[in-house]
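> Need coordinates for the following:
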Amino acid sequence: MRGKSFGSARFDEHLVVLTDPKSIAAEQYRVLRSRMEHLSQEKGARTFIVTSPVVGEGKSMTTANLAISLSQSRDRRVALVDCDLRRPTLHRLFGMRMREGFIDVLEERTPLETALVPIEHPLLPPGALSFLPAGKANAASPEWLGSSKTDKLITLLSERFDLVLFDTPPILPLADAAVLGGKVDGALLVLRAGRTSTETLSLAMQSVDLQNWVGVILNGVDFERSSQYGGIYATYQKTYSAHAIEGRGEIND
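Residues are numbered from 1 along each chain as shown. Modelled structure (predicted):
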């Protein structure tokens with residue numbers, strides 16, 4: 001996995017908000033950040049899941065970049081939580097080995113304070129971003145997502161941080177994202193340009209209460225080479241992201 005080293009950490013190159021902050025992609029995360037900030041201030045929303053219809057749409061990379069961008073705003077504390085207990089990947093993006101995390105806190109093997117990992121980088125304010133890895137999960141671990149202990153942990157995180165992003169498994173093949181989607185303030189759906197069909201999008205959005213959808217993120221757009229995708233991106237932004245984040249409560253196909 002290619003990346004850039006800062007101190008003892010080696011961040012994956014796909015974390016463009018840190019590794020290529022002047023890129024078009026990094027700028028789009030800042031645009032999304034401003035919309036999330038508006039939603040948070042207007043509706044008091046603090047906790048969000050990020051999911052995708054199926055595997056391979058760039059969900060975890062998008063979640064990590066968004067969390068980084070949000071934490072760059074002044075005087076804001078952000079928590080990034082890996083709830084993809086079946087295929088956790090966020091720790092690798094930050095150049096870490098798997099360690100105690102979310103599931104270990106739920107099973108009371110590790111206190112939250114010990115499991116949280118501060119992310120340090122010259123482009124991040126000190127203490128702005130904390131990461132909670134998935135932890136040492138097993139086949140039965142996803143069953144914890146529907147428990148009252150998960151409710152309590154979400155509440156605790158929302159009290160300690162200004163914004164909390166939960167990276168969840170894809171929503172169509174697994175129930176995990178839908179379970180967590182009912183416990184948080186909002187849900188974001190990540191799609192990949194040229195890959196996600198209209199039918200897949202429709203099925204995914206039916207999996208979580210429409211009141212909880214706050215936006216759709218179109219990933220993998222090549223702005224420099226494809227004016228077609230630029231047009232598609234603008235359409236999604238207008239129809240989904242902007243519409244929902246303005247607080248109208250639903251997203252139209």
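> Ala128 - nearest residue in space that isn't next to it in sequence?
Ser71 (4.0 Å; C-beta to C-beta, 6 or more residues apart in numbering). For the C-beta atoms, the positions are set from N, CA and C on the backbone; glycine is no exception.
> Just say helix, strand or coil for Ile217.
strand (DSSP: H, G, I helix; E, B strand; the rest coil).
> quick one, what contacts the residue nearest to Arg195 when sequence neighbours are not counted?
Distance criterion C-beta to C-beta, 6+ apart; nearest residue to Arg195, sequence neighbours excluded, is Glu57 at 7.0 Å. If you count contacts by C-beta atoms under 8 Å, 6 or more residues apart in numbering, Glu57 has them with 170, 190-192, 195-196, 219-220.
> possible to save those residues as CSV with distance to Pro122?
Converted to CSV, those look like this (distance: C-beta to C-beta, whole Å):
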residue, distance to Pro122
Pro170, 34
Val190, 27
Leu191, 32
Arg192, 31
Arg195, 34
Thr196, 35
Asn219, 26
Gly220, 28
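> Which ones among those map onto strands?
190-192, 219 (DSSP state E).
> Between all of those, which two are separated the most?
The widest separation within those, taken as C-beta to C-beta, falls between Val190 and Arg192 and amounts to 7.6 Å.
> and Leu191, what is it in contact with?
Counting by C-beta under 8 Å, 6+ apart, Leu191 has contacts 52-53, 57, 201, 216-219, 236.
> so where is this protein shaky, pLDDT-wise?
Scanning the chain for pLDDT under 70 picks out 1-9, 208-210, 222-253.
> How about the contacts made by the residue nearest to Ala128?
77-78, 119, 124-125, 128-129.
> tally of neighbours for the closest residue in space to Glu100 that isn't next to it in sequence?
Nearest residue to Glu100 in three dimensions, chain neighbours excluded: Thr110, at 4.2 Å (C-beta to C-beta, 6+ apart). Applying other C-beta atoms under 10 Å, we find 19 other residues in the vicinity of Thr110.
> quick one, phi/psi of Thr110?
phi -140, psi 130 (degrees, to the nearest 10).
> do the one 3 residues further on as well
As for Glu113, its main-chain torsions (degrees, to the nearest 10) stand at phi -60, psi -30.
> Spit out the contact partners of it.
Glu113 neighbours (C-beta under 8 Å, 6+ apart): none.
> could you redo the last one with a cut-off of 10 Å?
Residues near Glu113 by C-beta atoms under 10 Å, 6 or more residues apart in numbering: 105, 160.
> so where do the helices sit in the stretch 101-250 of the chain?
For the stretch 101-250 of the chain, the helices defined by DSSP state H, counting those that start in this stretch cover 102-106, 112-115, 148-160, 176-181, 198-205, 227-236, 242-243.
> The ones you listed: which one's closest to Val16?
Val16 lies closest to helix 227-236 among those, at 16.0 Å (C-beta to C-beta).
> Excluding sequence neighbours, find me the nearest residue to Ile68.
On the basis of C-beta to C-beta, 6+ apart, the spatially nearest residue to Ile68 that is not a chain neighbour turns out to be Val17, at 4.5 Å.
> scratch that, Gly135
Closest residue to Gly135 apart from its sequence neighbours, by C-beta to C-beta, 6+ apart: Gly101 at 3.2 Å.
> Please report phi then psi for Lys89.
Wrong residue type there; residue 89 is Thr, not Lys. Note on Thr89: its backbone torsions stand at phi -130, psi -20 [degrees, to the nearest 10].
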